[in-house]
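Trainee: predicted model and sequence follow; I will ask about them next.
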Amino acid sequence: MTFKEYRKIVKSRMGEKRFSHSENVSKEAIKLAKLYGADPEKAELAGILHDITKETPHEEQLQIMEKNGIILSKLQLSSPKLWHSLSGAAYIESELGITDQDIINAVRYHTSGRAGMSILEKIIFVADFTSEERDYDDVDVMRKKSRKSLEEAMHYGLSFTLSDLIKRERIIDPNAIDCYNDITINYTF
């Protein structure tokens, strides 16, 4: 399939606001890929695909995961907000025929991160935080950090996210903690 065909499928699966976000993540991913020496075409595709099942009803997401042999842990079952990264990765592989494991992983880990992320995975994680329509407090700081170091931007974003989840007494995906620890141990800022 061509990028244009994938884009059309993505557009058909979500509302205008989410689609605009996906396009913005795709554009930001291209910029970051060029800056950090990754493949811009893979970044563009992973960016447009990253939220492909975000607006899919939970029941349908569960069916996608079950069909693809994904067994949710107790933690995952209790946090449906995390499902779209799992169902999205499964969907693009099984239904769209994506075979590039780096793109599949970029979709799979764009919300939580994980230890040992590839450059493409980091790019999609950061692009999701810094896409054009984002307007949260400190987004400019995050964008500036993203131009300096993917890891510094991730550390900043994860620090905020983990603190916020703890304050709100929410469940934390162990992959996010592993990602934070991996970056903290392996990089200096």
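Mentor: Looks like it came in fine.

Trainee: quick check: pLDDT value at the residue nearest in space to the middle of the chain.
Mentor: What sits nearest the mean C-alpha location of the chain, by Cα atoms, centre = their mean, is His110, with 1.9 Å. At His110, the predicted lDDT confidence score is 98.

Trainee: can you tell me the helix or strand for it?
Mentor: Using DSSP states H and E, His110 falls within no helix or strand.

Trainee: can you check the one 4 residues further on too?
Mentor: Here Arg114 is covered by no helix or strand, with elements defined by DSSP H and E.

Trainee: what about it, distance to Ser94?
Mentor: In this view, Arg114 and Ser94 are 21 Å apart by Cβ to Cβ, to the nearest Å. Where C-beta positions appear, they are placed from N, C-alpha and C, glycine not excepted.

Trainee: pick out whichever of the two has more residues nearby.
Mentor: Each of Arg114 and Ser94 has its neighbours counted (other Cβ atoms under 10 Å); Arg114 has more, 18 against 13.

Trainee: and that one, what does it touch?
Mentor: By Cβ atoms under 8 Å, 6 or more residues apart in numbering, the residues touching Arg114 are 121, 175, 178-179, 182.

Trainee: buried subset of those?
Mentor: Restricting the contacts of Arg114 to buried positions leaves 121, 175, 179, 182, with burial counted as 16 or more other Cβ atoms under 10 Å.

Trainee: pull up the per-residue confidence for the residue nearest to the third one when sequence neighbours are not counted.
Mentor: Leaving aside its sequence neighbours, Cys179 sits nearest to Gly113 (Cβ to Cβ, 6 or more residues apart in numbering; 3.2 Å). Per-residue confidence at Gly113 stands at 98 (pLDDT).

Trainee: list phi and psi for Gly113.
Mentor: Main-chain torsions, Gly113, degrees, to the nearest 10: phi 70, psi -180.

Trainee: wait, it sits on Asn175?
Mentor: Yes - at 6.3 Å, Gly113 counts as touching Asn175 under the criterion of Cβ atoms under 8 Å.

Trainee: that older thread, mind checking how far the residue nearest to the centre of the chain is from Thr188?
Mentor: With the distance defined as Cβ to Cβ, His110 ends up 25 Å from Thr188.
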